[in-house]
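Visitor: please work out how this folds:
(one chain, ligands or ions: 1)
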Amino acid sequence: MAVSSCARVLPCSFDCRPDPHFTGNPRPEIPSFSSGKARSLPIHGGSLRSSAGLSSLILKFPPNFVRQLSNKARRNCSNIGVAQVVAASWSNNPSSAVPASTTAVNPTAAPLDDIDIVHGSPVVADGDCSDSTNSNVQFKGSAALKASFLRSNGSLAVHAGERLGRGIVTDALTTPIVNTSAYFFQNMDQLIDFKEGHHDSFEYGRYGNPTTVVAEEKLSALEGAESTQLMASGMYASIVMMFALVPAGGHIITTTDCYRKTRIFIETILPKMGITVTVIHPADMESLKSTLEKHDVTLFFAECPTNPYLRCIDIQFVSKLCHSHGALVCVDGTFATPMNQKTLALGADIVLHSATKFIGGHNDVLAGYVSGSEKIISEVRKMHHIFGGVLNPNAAYLLIRGMKTLHLRVQQQNLTALRMAEILEAHPKVAHVHYPGLTSHPEHHIAKQQMTGFGGVVSFEVDGDFLNAKKFIDNLKIPYNAPSFGGCESIVDQPAVMSYWDLKEPGRAKVGIKETLIRFSFGVEDFEDLKDDILNALAAI
Ligand SMILES: Cc1ncc(COP(=O)(O)O)c(C=O)c1O
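Guide: The predicted structure is shown next:
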(Lines give C-alpha, C1' and ligand atoms only; values in the text may rest on other atoms or scores of the structure.)
Protein backbone atom coordinates (compact mmCIF):
# COMPACT_ATOMS: atom_id res chain seq x y z
CA MET A 1 0.00 0.00 0.00
CA ALA A 2 1.37 3.34 -0.95
CA VAL A 3 0.61 4.81 2.42
CA SER A 4 2.46 2.41 4.63
CA SER A 5 5.58 2.30 2.56
CA CYS A 6 5.65 6.03 2.18
CA ALA A 7 5.23 7.06 5.76
CA ARG A 8 8.72 5.98 6.69
CA VAL A 9 10.61 7.90 4.06
CA LEU A 10 8.99 11.26 4.48
CA PRO A 11 11.39 14.06 5.07
CA CYS A 12 10.47 15.60 8.38
CA SER A 13 11.26 19.24 7.79
CA PHE A 14 7.99 20.84 8.88
CA ASP A 15 8.05 22.96 5.77
CA CYS A 16 4.55 23.43 4.59
CA ARG A 17 3.64 21.78 1.41
CA PRO A 18 4.70 23.87 -1.58
CA ASP A 19 1.82 25.83 -2.95
CA PRO A 20 1.75 27.10 -6.51
CA HIS A 21 0.19 30.36 -5.34
CA PHE A 22 2.47 30.83 -2.44
CA THR A 23 5.93 32.27 -2.44
CA GLY A 24 6.93 31.36 1.05
CA ASN A 25 5.74 34.13 3.33
CA PRO A 26 2.55 35.17 5.02
CA ARG A 27 0.28 37.36 2.94
CA PRO A 28 -1.19 40.70 3.94
CA GLU A 29 -4.77 39.60 3.51
CA ILE A 30 -6.73 41.84 5.80
CA PRO A 31 -10.46 41.57 5.21
CA SER A 32 -12.89 43.91 6.89
CA PHE A 33 -15.59 42.27 8.90
CA SER A 34 -17.45 45.44 9.85
CA SER A 35 -19.79 45.53 6.89
CA GLY A 36 -20.24 41.81 6.68
CA LYS A 37 -18.53 41.93 3.33
CA ALA A 38 -14.93 41.08 2.84
CA ARG A 39 -12.78 44.14 2.37
CA SER A 40 -9.21 44.38 1.46
CA LEU A 41 -6.41 46.42 2.82
CA PRO A 42 -5.59 49.59 1.00
CA ILE A 43 -3.39 48.16 -1.60
CA HIS A 44 -3.13 51.25 -3.67
CA GLY A 45 -5.77 50.67 -6.25
CA GLY A 46 -6.65 47.14 -5.34
CA SER A 47 -3.82 45.54 -7.21
CA LEU A 48 -0.31 45.63 -5.90
CA ARG A 49 2.41 44.72 -8.27
CA SER A 50 5.23 46.94 -7.14
CA SER A 51 7.46 46.13 -4.23
CA ALA A 52 7.23 49.76 -3.10
CA GLY A 53 3.51 49.34 -2.49
CA LEU A 54 3.85 46.41 -0.14
CA SER A 55 6.81 47.72 1.74
CA SER A 56 4.67 50.55 3.03
CA LEU A 57 2.03 48.21 4.33
CA ILE A 58 1.87 48.31 8.11
CA LEU A 59 -0.24 45.80 10.00
CA LYS A 60 -1.18 46.80 13.50
CA PHE A 61 -1.54 44.03 16.06
CA PRO A 62 -3.59 44.30 19.24
CA PRO A 63 -1.74 44.64 22.54
CA ASN A 64 -0.18 41.34 23.63
CA PHE A 65 -0.91 39.81 20.29
CA VAL A 66 2.54 39.96 18.81
CA ARG A 67 4.00 38.37 21.89
CA GLN A 68 1.47 35.59 21.58
CA LEU A 69 2.32 35.25 17.94
CA SER A 70 5.98 34.79 18.64
CA ASN A 71 5.49 32.37 21.50
CA LYS A 72 2.68 30.28 20.15
CA ALA A 73 1.60 30.96 16.65
CA ARG A 74 5.05 30.86 15.13
CA ARG A 75 5.45 27.33 16.46
CA ASN A 76 2.32 26.09 14.93
CA CYS A 77 1.51 26.14 11.26
CA SER A 78 -2.23 26.50 11.64
CA ASN A 79 -1.99 29.25 14.23
CA ILE A 80 -0.34 31.54 11.72
CA GLY A 81 -3.65 31.59 9.85
CA VAL A 82 -5.58 32.21 13.04
CA ALA A 83 -3.12 34.94 13.94
CA GLN A 84 -3.68 36.65 10.63
CA VAL A 85 -7.41 36.55 10.99
CA VAL A 86 -7.36 37.85 14.57
CA ALA A 87 -4.89 40.56 13.68
CA ALA A 88 -7.00 41.53 10.70
CA SER A 89 -10.14 41.64 12.76
CA TRP A 90 -8.52 43.84 15.37
CA SER A 91 -6.87 46.10 12.83
CA ASN A 92 -10.17 46.65 11.09
CA ASN A 93 -12.22 47.34 14.16
CA PRO A 94 -13.12 51.04 13.89
CA SER A 95 -13.18 51.39 17.67
CA SER A 96 -9.66 50.17 18.07
CA ALA A 97 -7.01 52.74 18.63
CA VAL A 98 -5.07 52.57 15.41
CA PRO A 99 -2.56 55.39 15.25
CA ALA A 100 -3.25 57.95 12.57
CA SER A 101 0.02 57.15 10.90
CA THR A 102 -1.15 53.65 10.20
CA THR A 103 -2.77 53.36 6.81
CA ALA A 104 -3.45 49.69 6.99
CA VAL A 105 -7.24 49.95 7.10
CA ASN A 106 -9.21 51.60 4.37
CA PRO A 107 -12.97 51.08 4.64
CA THR A 108 -13.41 52.03 1.03
CA ALA A 109 -10.89 49.62 -0.26
CA ALA A 110 -11.72 47.22 -3.01
CA PRO A 111 -13.58 44.00 -2.24
CA LEU A 112 -11.51 40.95 -1.74
CA ASP A 113 -12.12 39.60 -5.21
CA ASP A 114 -10.29 42.62 -6.58
CA ILE A 115 -7.15 41.67 -4.75
CA ASP A 116 -4.43 40.41 -6.95
CA ILE A 117 -1.15 40.69 -5.18
CA VAL A 118 1.55 39.04 -7.15
CA HIS A 119 4.87 40.32 -5.99
CA GLY A 120 5.71 42.22 -2.91
CA SER A 121 8.61 43.36 -0.85
CA PRO A 122 8.96 42.97 2.92
CA VAL A 123 5.75 43.33 4.86
CA VAL A 124 6.25 44.65 8.34
CA ALA A 125 3.89 43.71 11.08
CA ASP A 126 4.56 46.55 13.46
CA GLY A 127 3.80 45.36 16.97
CA ASP A 128 2.68 48.37 18.93
CA CYS A 129 2.51 46.43 22.16
CA SER A 130 2.62 48.39 25.33
CA ASP A 131 3.75 45.50 27.51
CA SER A 132 6.09 43.71 25.18
CA THR A 133 9.81 44.18 25.06
CA ASN A 134 10.12 42.23 21.87
CA SER A 135 7.04 43.25 20.03
CA ASN A 136 8.12 43.52 16.44
CA VAL A 137 7.43 40.74 14.04
CA GLN A 138 8.85 41.09 10.58
CA PHE A 139 7.73 39.11 7.64
CA LYS A 140 10.15 39.58 4.81
CA GLY A 141 9.77 38.56 1.23
CA SER A 142 7.07 38.60 -1.37
CA ALA A 143 3.47 37.58 -1.22
CA ALA A 144 0.78 36.39 -3.55
CA LEU A 145 -2.96 36.28 -3.19
CA LYS A 146 -5.89 35.35 -5.36
CA ALA A 147 -8.81 34.84 -3.05
CA SER A 148 -12.00 35.69 -4.90
CA PHE A 149 -13.57 32.52 -3.58
CA LEU A 150 -13.18 33.62 0.05
CA ARG A 151 -15.85 36.26 0.63
CA SER A 152 -17.59 35.54 3.90
CA ASN A 153 -16.52 35.55 7.51
CA GLY A 154 -17.13 31.84 7.65
CA SER A 155 -14.95 31.04 4.66
CA LEU A 156 -12.27 33.42 5.84
CA ALA A 157 -12.29 32.01 9.34
CA VAL A 158 -11.78 28.56 7.94
CA HIS A 159 -9.33 29.28 5.14
CA ALA A 160 -7.59 32.64 5.53
CA GLY A 161 -3.90 32.25 6.03
CA GLU A 162 -3.96 28.58 5.14
CA ARG A 163 -5.77 27.61 1.95
CA LEU A 164 -3.42 29.43 -0.39
CA GLY A 165 -0.32 28.39 1.43
CA ARG A 166 1.11 29.25 4.78
CA GLY A 167 3.95 31.28 6.13
CA ILE A 168 5.44 28.51 8.14
CA VAL A 169 8.14 29.53 10.51
CA THR A 170 10.69 26.75 10.62
CA ASP A 171 13.12 28.30 13.06
CA ALA A 172 11.19 27.16 16.14
CA LEU A 173 13.68 25.50 18.46
CA THR A 174 11.19 22.86 19.50
CA THR A 175 9.36 20.41 17.27
CA PRO A 176 6.02 21.79 16.10
CA ILE A 177 2.91 19.81 16.96
CA VAL A 178 1.22 19.14 13.66
CA ASN A 179 -2.42 18.75 14.59
CA THR A 180 -3.96 17.45 11.43
CA SER A 181 -6.14 14.49 10.62
CA ALA A 182 -5.44 14.56 6.89
CA TYR A 183 -2.91 15.80 4.34
CA PHE A 184 -3.98 17.46 1.11
CA PHE A 185 -2.81 17.17 -2.46
CA GLN A 186 -2.23 20.14 -4.75
CA ASN A 187 -4.02 18.51 -7.63
CA MET A 188 -5.02 15.13 -8.99
CA ASP A 189 -1.65 14.61 -10.65
CA GLN A 190 0.06 14.94 -7.30
CA LEU A 191 -2.39 12.50 -5.75
CA ILE A 192 -1.76 10.00 -8.54
CA ASP A 193 1.98 10.55 -8.11
CA PHE A 194 1.51 9.68 -4.45
CA LYS A 195 -0.43 6.55 -5.28
CA GLU A 196 2.35 5.58 -7.67
CA GLY A 197 4.98 6.18 -4.99
CA HIS A 198 6.53 9.28 -6.60
CA HIS A 199 5.27 11.82 -4.07
CA ASP A 200 5.64 11.60 -0.30
CA SER A 201 2.68 12.15 1.96
CA PHE A 202 1.12 10.62 5.05
CA GLU A 203 -2.25 11.06 3.32
CA TYR A 204 -4.25 10.52 6.51
CA GLY A 205 -3.65 10.90 10.23
CA ARG A 206 -3.98 7.20 10.91
CA TYR A 207 -1.02 6.54 8.64
CA GLY A 208 1.42 8.96 10.20
CA ASN A 209 2.24 12.40 11.49
CA PRO A 210 5.42 14.53 11.29
CA THR A 211 5.53 15.19 15.04
CA THR A 212 5.14 11.50 15.78
CA VAL A 213 7.87 10.66 13.28
CA VAL A 214 10.29 12.84 15.25
CA ALA A 215 9.49 10.85 18.41
CA GLU A 216 9.87 7.61 16.47
CA GLU A 217 13.26 8.65 15.11
CA LYS A 218 14.41 9.47 18.62
CA LEU A 219 13.27 6.07 19.86
CA SER A 220 14.88 4.25 16.92
CA ALA A 221 18.16 5.99 17.71
CA LEU A 222 17.95 5.01 21.38
CA GLU A 223 16.95 1.42 20.63
CA GLY A 224 19.45 1.00 17.79
CA ALA A 225 16.51 0.11 15.55
CA GLU A 226 15.84 0.57 11.86
CA SER A 227 12.27 1.46 12.56
CA THR A 228 9.84 2.33 15.33
CA GLN A 229 6.08 2.49 15.37
CA LEU A 230 4.52 4.58 18.11
CA MET A 231 0.97 3.79 19.10
CA ALA A 232 -1.71 4.88 21.54
CA SER A 233 -0.64 2.69 24.48
CA GLY A 234 1.70 -0.10 25.48
CA MET A 235 -1.18 -2.56 25.66
CA TYR A 236 -2.30 -1.68 22.14
CA ALA A 237 1.28 -2.06 20.89
CA SER A 238 1.39 -5.62 22.32
CA ILE A 239 -1.93 -6.55 20.78
CA VAL A 240 -1.14 -5.18 17.33
CA MET A 241 2.34 -6.72 17.38
CA MET A 242 0.90 -10.17 18.14
CA PHE A 243 -1.93 -9.87 15.64
CA ALA A 244 0.55 -8.78 12.98
CA LEU A 245 3.22 -11.40 13.60
CA VAL A 246 1.42 -14.51 14.80
CA PRO A 247 -0.82 -16.29 12.30
CA ALA A 248 -3.91 -18.28 13.15
CA GLY A 249 -2.66 -21.64 14.37
CA GLY A 250 0.56 -20.08 15.62
CA HIS A 251 2.03 -20.72 19.05
CA ILE A 252 3.34 -18.18 21.58
CA ILE A 253 5.62 -18.75 24.56
CA THR A 254 5.41 -16.28 27.40
CA THR A 255 6.40 -16.12 31.07
CA THR A 256 4.46 -16.48 34.31
CA ASP A 257 5.39 -13.08 35.73
CA CYS A 258 3.92 -10.52 33.36
CA TYR A 259 1.71 -7.42 33.20
CA ARG A 260 -1.70 -8.83 33.96
CA LYS A 261 -3.61 -7.42 30.99
CA THR A 262 -1.02 -8.76 28.56
CA ARG A 263 -1.43 -12.21 30.08
CA ILE A 264 -5.21 -11.92 29.89
CA PHE A 265 -4.96 -11.03 26.20
CA ILE A 266 -2.59 -13.90 25.43
CA GLU A 267 -4.50 -16.49 27.43
CA THR A 268 -8.09 -15.54 26.70
CA ILE A 269 -8.28 -13.56 23.45
CA LEU A 270 -5.62 -15.13 21.24
CA PRO A 271 -7.04 -18.68 21.59
CA LYS A 272 -10.20 -17.35 19.93
CA MET A 273 -8.04 -16.69 16.86
CA GLY A 274 -6.64 -20.20 16.96
CA ILE A 275 -3.39 -19.05 18.59
CA THR A 276 -2.17 -21.21 21.45
CA VAL A 277 0.23 -20.40 24.26
CA THR A 278 2.71 -22.04 26.60
CA VAL A 279 3.52 -20.13 29.80
CA ILE A 280 6.92 -20.85 31.31
CA HIS A 281 8.75 -19.60 34.38
CA PRO A 282 11.20 -16.82 33.35
CA ALA A 283 14.16 -18.91 34.53
CA ASP A 284 12.98 -22.22 33.11
CA MET A 285 15.10 -22.60 30.01
CA GLU A 286 14.45 -26.36 29.86
CA SER A 287 10.75 -25.70 29.36
CA LEU A 288 11.61 -23.13 26.72
CA LYS A 289 13.68 -25.72 24.84
CA SER A 290 11.06 -28.45 25.07
CA THR A 291 8.25 -26.12 23.99
CA LEU A 292 10.26 -24.97 20.99
CA GLU A 293 10.81 -28.61 20.04
CA LYS A 294 7.22 -29.64 20.59
CA HIS A 295 5.38 -26.73 18.93
CA ASP A 296 5.75 -24.70 15.81
CA VAL A 297 6.46 -21.58 17.88
CA THR A 298 5.98 -18.26 16.10
CA LEU A 299 6.82 -15.88 18.92
CA PHE A 300 8.53 -15.77 22.28
CA PHE A 301 7.24 -12.79 24.23
CA ALA A 302 8.49 -11.77 27.67
CA GLU A 303 9.04 -8.73 29.78
CA CYS A 304 12.58 -8.13 30.92
CA PRO A 305 12.59 -7.24 33.76
CA THR A 306 9.12 -8.62 34.49
CA ASN A 307 6.19 -7.00 36.23
CA PRO A 308 6.06 -7.01 39.24
CA TYR A 309 8.86 -9.36 40.40
CA LEU A 310 11.56 -7.92 38.12
CA ARG A 311 12.77 -11.30 36.90
CA CYS A 312 15.19 -11.23 33.97
CA ILE A 313 15.60 -13.56 31.03
CA ASP A 314 18.94 -13.98 29.30
CA ILE A 315 17.97 -12.14 26.12
CA GLN A 316 21.01 -13.28 24.16
CA PHE A 317 20.56 -16.94 25.08
CA VAL A 318 16.80 -16.94 24.54
CA SER A 319 17.13 -15.16 21.19
CA LYS A 320 19.67 -17.63 19.85
CA LEU A 321 17.59 -20.57 21.00
CA CYS A 322 14.35 -19.22 19.58
CA HIS A 323 15.95 -18.22 16.28
CA SER A 324 17.36 -21.72 15.86
CA HIS A 325 13.73 -22.91 15.90
CA GLY A 326 12.48 -20.17 13.62
CA ALA A 327 10.68 -18.25 16.35
CA LEU A 328 10.70 -14.47 16.69
CA VAL A 329 11.64 -12.86 20.00
CA CYS A 330 9.84 -9.80 21.36
CA VAL A 331 10.95 -8.33 24.68
CA ASP A 332 8.89 -5.83 26.61
CA GLY A 333 11.65 -3.61 27.96
CA THR A 334 9.44 -1.12 29.77
CA PHE A 335 11.10 -1.61 33.17
CA ALA A 336 14.60 -1.38 31.73
CA THR A 337 14.25 1.55 29.31
CA PRO A 338 16.59 1.78 26.31
CA MET A 339 19.01 3.62 28.61
CA ASN A 340 19.66 0.53 30.70
CA GLN A 341 19.18 -2.24 28.18
CA LYS A 342 19.84 -2.39 24.44
CA THR A 343 17.41 -5.20 23.83
CA LEU A 344 17.85 -5.40 20.05
CA ALA A 345 21.63 -5.49 20.27
CA LEU A 346 21.26 -8.44 22.65
CA GLY A 347 19.49 -10.35 19.86
CA ALA A 348 15.76 -9.75 20.24
CA ASP A 349 13.83 -9.08 17.03
CA ILE A 350 11.43 -6.60 18.55
CA VAL A 351 11.58 -4.41 21.62
CA LEU A 352 8.26 -3.19 22.93
CA HIS A 353 7.55 -0.52 25.51
CA SER A 354 4.80 1.06 27.42
CA ALA A 355 6.11 4.58 26.75
CA THR A 356 3.58 5.66 29.34
CA LYS A 357 6.24 4.85 31.91
CA PHE A 358 9.89 5.98 31.85
CA ILE A 359 9.90 7.18 28.22
CA GLY A 360 7.19 9.79 28.78
CA GLY A 361 8.47 10.05 32.32
CA HIS A 362 6.02 12.62 33.66
CA ASN A 363 2.91 10.57 34.39
CA ASP A 364 1.01 12.62 31.84
CA VAL A 365 0.80 10.59 28.65
CA LEU A 366 -0.18 7.12 27.45
CA ALA A 367 1.83 5.62 24.60
CA GLY A 368 3.43 2.44 23.38
CA TYR A 369 5.87 1.45 20.70
CA VAL A 370 7.63 -1.37 18.93
CA SER A 371 11.13 -1.06 17.46
CA GLY A 372 13.04 -3.44 15.24
CA SER A 373 13.97 -4.07 11.63
CA GLU A 374 12.05 -2.22 8.93
CA LYS A 375 10.82 -5.60 7.66
CA ILE A 376 9.22 -6.60 10.94
CA ILE A 377 7.99 -3.18 12.02
CA SER A 378 6.36 -2.54 8.65
CA GLU A 379 4.25 -5.67 9.25
CA VAL A 380 3.14 -4.26 12.60
CA ARG A 381 2.58 -0.87 10.99
CA LYS A 382 0.27 -2.32 8.35
CA MET A 383 -1.88 -3.89 11.04
CA HIS A 384 -1.79 -0.68 13.08
CA HIS A 385 -3.02 1.32 10.08
CA ILE A 386 -6.09 -0.91 10.06
CA PHE A 387 -6.68 -1.07 13.82
CA GLY A 388 -6.07 2.64 14.18
CA GLY A 389 -4.92 3.12 17.78
CA VAL A 390 -3.04 6.23 16.77
CA LEU A 391 -0.95 8.32 19.13
CA ASN A 392 -2.20 11.89 19.24
CA PRO A 393 0.46 14.36 17.95
CA ASN A 394 0.19 16.29 21.22
CA ALA A 395 1.10 13.10 23.07
CA ALA A 396 3.99 12.58 20.64
CA TYR A 397 5.24 16.03 21.59
CA LEU A 398 5.09 15.13 25.28
CA LEU A 399 7.18 12.05 24.54
CA ILE A 400 9.73 14.13 22.62
CA ARG A 401 9.99 16.53 25.52
CA GLY A 402 10.08 13.75 28.08
CA MET A 403 12.88 11.93 26.27
CA LYS A 404 15.16 14.94 26.42
CA THR A 405 15.68 14.18 30.13
CA LEU A 406 15.34 10.40 29.96
CA HIS A 407 19.06 9.78 30.56
CA LEU A 408 19.12 12.14 33.54
CA ARG A 409 15.96 10.79 35.08
CA VAL A 410 16.95 7.16 34.60
CA GLN A 411 20.42 7.77 36.03
CA GLN A 412 18.91 9.25 39.17
CA GLN A 413 16.17 6.62 39.39
CA ASN A 414 18.70 3.77 38.95
CA LEU A 415 20.82 5.19 41.73
CA THR A 416 17.98 5.85 44.16
CA ALA A 417 16.43 2.43 43.52
CA LEU A 418 19.71 0.55 44.04
CA ARG A 419 20.55 2.41 47.24
CA MET A 420 17.05 1.92 48.62
CA ALA A 421 16.99 -1.76 47.58
CA GLU A 422 20.14 -2.29 49.64
CA ILE A 423 18.69 -0.44 52.64
CA LEU A 424 15.41 -2.33 52.40
CA GLU A 425 17.18 -5.67 52.14
CA ALA A 426 18.88 -4.99 55.47
CA HIS A 427 15.71 -3.74 57.16
CA PRO A 428 14.16 -6.01 59.83
CA LYS A 429 10.61 -5.22 58.69
CA VAL A 430 11.27 -6.25 55.08
CA ALA A 431 10.99 -9.94 54.29
CA HIS A 432 12.32 -9.92 50.75
CA VAL A 433 13.51 -7.47 48.10
CA HIS A 434 13.20 -8.09 44.36
CA TYR A 435 15.66 -5.95 42.44
CA PRO A 436 18.01 -7.13 39.66
CA GLY A 437 20.80 -4.93 41.01
CA LEU A 438 21.05 -6.95 44.24
CA THR A 439 23.40 -9.92 44.34
CA SER A 440 20.57 -11.86 45.98
CA HIS A 441 18.43 -11.55 42.86
CA PRO A 442 18.21 -14.93 41.08
CA GLU A 443 19.23 -13.40 37.72
CA HIS A 444 21.65 -10.78 38.98
CA HIS A 445 24.43 -12.38 36.92
CA ILE A 446 22.32 -11.97 33.77
CA ALA A 447 21.16 -8.46 34.62
CA LYS A 448 24.76 -7.42 35.26
CA GLN A 449 25.68 -8.53 31.75
CA GLN A 450 22.80 -7.10 29.81
CA MET A 451 21.93 -3.96 31.76
CA THR A 452 23.94 -0.83 32.44
CA GLY A 453 21.59 0.17 35.24
CA PHE A 454 18.90 -1.84 37.02
CA GLY A 455 15.95 0.49 36.75
CA GLY A 456 13.91 2.72 39.00
CA VAL A 457 11.41 0.19 40.34
CA VAL A 458 11.97 -1.98 43.42
CA SER A 459 9.50 -4.63 44.56
CA PHE A 460 9.63 -5.87 48.13
CA GLU A 461 7.62 -7.82 50.65
CA VAL A 462 7.05 -6.26 54.04
CA ASP A 463 7.12 -8.48 57.09
CA GLY A 464 3.76 -9.60 58.38
CA ASP A 465 0.53 -9.82 56.42
CA PHE A 466 -1.71 -7.99 53.96
CA LEU A 467 -2.63 -5.38 56.56
CA ASN A 468 1.01 -4.53 57.27
CA ALA A 469 1.60 -3.81 53.59
CA LYS A 470 -1.57 -1.72 53.44
CA LYS A 471 -0.53 0.23 56.55
CA PHE A 472 2.95 0.81 55.15
CA ILE A 473 1.49 2.46 52.05
CA ASP A 474 -0.90 4.58 54.08
CA ASN A 475 2.00 5.88 56.15
CA LEU A 476 4.03 7.07 53.17
CA LYS A 477 3.94 10.81 52.51
CA ILE A 478 5.86 11.30 49.24
CA PRO A 479 4.79 8.67 46.71
CA TYR A 480 1.37 8.59 45.17
CA ASN A 481 -0.66 5.45 45.77
CA ALA A 482 -1.37 4.83 42.10
CA PRO A 483 -0.87 2.40 39.24
CA SER A 484 1.89 3.02 36.68
CA PHE A 485 5.55 3.74 37.26
CA GLY A 486 8.57 5.44 35.74
CA GLY A 487 7.60 9.08 36.15
CA CYS A 488 9.20 11.98 37.99
CA GLU A 489 6.79 11.50 40.87
CA SER A 490 7.37 8.41 43.02
CA ILE A 491 4.51 5.94 42.89
CA VAL A 492 3.78 3.04 45.20
CA ASP A 493 1.23 0.27 45.00
CA GLN A 494 0.23 -2.99 46.59
CA PRO A 495 -0.33 -5.23 43.54
CA ALA A 496 -2.69 -7.52 45.50
CA VAL A 497 -5.07 -4.57 45.68
CA MET A 498 -4.21 -2.36 42.72
CA SER A 499 -4.08 -5.01 39.99
CA TYR A 500 -5.34 -8.32 41.41
CA TRP A 501 -8.08 -7.40 43.91
CA ASP A 502 -10.80 -9.19 41.93
CA LEU A 503 -8.99 -12.55 42.13
CA LYS A 504 -9.32 -12.79 45.93
CA GLU A 505 -6.50 -14.26 47.96
CA PRO A 506 -6.48 -17.83 46.58
CA GLY A 507 -6.55 -16.52 43.02
CA ARG A 508 -3.66 -14.18 43.74
CA ALA A 509 -1.66 -17.00 45.33
CA LYS A 510 -2.24 -19.06 42.19
CA VAL A 511 -0.67 -16.41 39.95
CA GLY A 512 2.11 -15.74 42.47
CA ILE A 513 1.02 -12.31 43.74
CA LYS A 514 1.91 -12.07 47.42
CA GLU A 515 -0.37 -10.20 49.81
CA THR A 516 2.57 -8.31 51.31
CA LEU A 517 4.16 -7.28 48.02
CA ILE A 518 4.89 -3.59 47.44
CA ARG A 519 5.95 -2.15 44.07
CA PHE A 520 7.82 1.10 44.51
CA SER A 521 8.63 3.28 41.53
CA PHE A 522 11.25 5.83 42.49
CA GLY A 523 10.79 9.26 41.01
CA VAL A 524 13.39 11.98 40.85
CA GLU A 525 12.80 13.35 44.33
CA ASP A 526 15.74 13.77 46.67
CA PHE A 527 17.10 10.42 47.87
CA GLU A 528 17.28 11.38 51.55
CA ASP A 529 13.66 12.52 51.57
CA LEU A 530 12.51 9.28 49.99
CA LYS A 531 14.63 7.21 52.37
CA ASP A 532 13.27 9.01 55.45
CA ASP A 533 9.72 8.64 54.18
CA ILE A 534 10.12 4.88 53.62
CA LEU A 535 11.89 4.28 56.92
CA ASN A 536 9.23 6.24 58.81
CA ALA A 537 6.45 4.28 57.11
CA LEU A 538 8.19 0.99 57.96
CA ALA A 539 8.61 2.11 61.56
CA ALA A 540 4.86 2.69 61.74
CA ILE A 541 3.89 -0.91 60.94
C1 LIG B 1 5.56 -4.09 31.44
C2 LIG B 1 4.33 -3.45 30.88
N3 LIG B 1 4.07 -3.55 29.57
C4 LIG B 1 2.98 -3.00 29.02
C5 LIG B 1 2.08 -2.30 29.78
C6 LIG B 1 0.87 -1.67 29.13
O7 LIG B 1 1.17 -0.35 28.83
P8 LIG B 1 0.07 0.81 28.76
O9 LIG B 1 -0.44 1.03 30.14
O10 LIG B 1 0.83 1.97 28.20
O11 LIG B 1 -1.00 0.32 27.85
C12 LIG B 1 2.32 -2.14 31.14
C13 LIG B 1 1.39 -1.36 31.97
O14 LIG B 1 1.59 -1.16 33.14
C15 LIG B 1 3.47 -2.74 31.71
O16 LIG B 1 3.74 -2.65 33.01
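
Visitor: remind me which residues of this structure are low pLDDT?
Guide: For the chain, the stretches with pLDDT under 70 are 1-146, 166-170.

Visitor: skipping its backbone neighbours, what lies nearest the closest residue to the ligand within the stretch 151-300 of the chain in space?
Guide: Among all residues of the stretch 151-300 of the chain, G234 sits closest to the ligand, at 2.4 Å; criterion: Cβ to the nearest ligand atom. Just so you know, the C-beta spots here come from the backbone N, C-alpha and C atoms, and that holds for glycine as well. Once flanking residues are discounted, G234 sits nearest to S354: 2.6 Å by Cβ to Cβ, 6 or more residues apart in numbering.

Visitor: in contact with the one you found, which residues?
Guide: Applying Cβ atoms under 8 Å, 6 or more residues apart in numbering, we find S354 in contact with S233, G234, M235, A237, Y259, D332, T334, A367, G368.

Visitor: and of those residues, the nearest to P506?
Guide: When the contacts of S354 are compared for distance to P506 (Cβ to Cβ), Y259 wins out at 21.4 Å.

Visitor: phi, psi for the closest one please.
Guide: Main-chain dihedrals, Y259, degrees, to the nearest 10: phi -50, psi 130.

Visitor: ok, it - contacts?
Guide: E303, N307, D332, S354.

Visitor: how about the residues of the stretch 251-400 of the chain near the ligand?
Guide: Residues of the stretch 251-400 of the chain lying near the ligand by Cβ under 6 Å from any ligand atom: Y259, E303, N307, D332, T334, S354, T356, L366, G368.

Visitor: separation between the first one and S459?
Guide: I take that to be Y259. Distance, Y259 to S459, by Cβ to Cβ, to the nearest Å: 13 Å.

Visitor: thinking again about what came up before, you'd agree the residue of the stretch 151-300 of the chain closest to the ligand is up against V351?
Guide: No - counting by Cβ atoms under 8 Å, V351 is not a contact partner of G234; they are 11.9 Å apart.

Visitor: who does the residue in the stretch 251-400 of the chain that the ligand sits nearest to form a beta bridge with?
Guide: Nearest residue of the stretch 251-400 of the chain to the ligand (Cβ to the nearest ligand atom) works out as S354 at 3.0 Å. Partner residues in beta bridges with S354, using DSSP bridges, are G368.

Visitor: center of this structure, which residue is that?
Guide: Closest to where the C-alpha atoms of the chain average out (Cα atoms, centre = their mean) is A396, at 2.7 Å.

Visitor: so that one, which of the three states?
Guide: At A396 the chain is in helix, as set by DSSP: H, G, I helix; E, B strand; the rest coil.

Visitor: ok, now which ones touch it?
Guide: I177, N209, T211, T212, V214, A215, L230, A367.

Visitor: give me the subset of these that lies in strands.
Guide: The members of these that map onto strands under DSSP state E are L230.

Visitor: narrow the contacts of A396 to those that are buried.
Guide: Among the contacts of A396, those buried by neighbour count (16 or more other Cβ atoms under 10 Å) are I177, N209, T211, T212, V214, A215, L230, A367.

Visitor: which one of those residues sits closest to E425?
Guide: Once Cβ to Cβ is applied, the member of these that ends up nearest E425 is A367, at 33.6 Å.

Visitor: and the closest one, backbone torsions?
Guide: When quoted as degrees, to the nearest 10, the phi and psi of A367 stand at phi -170, psi 160.
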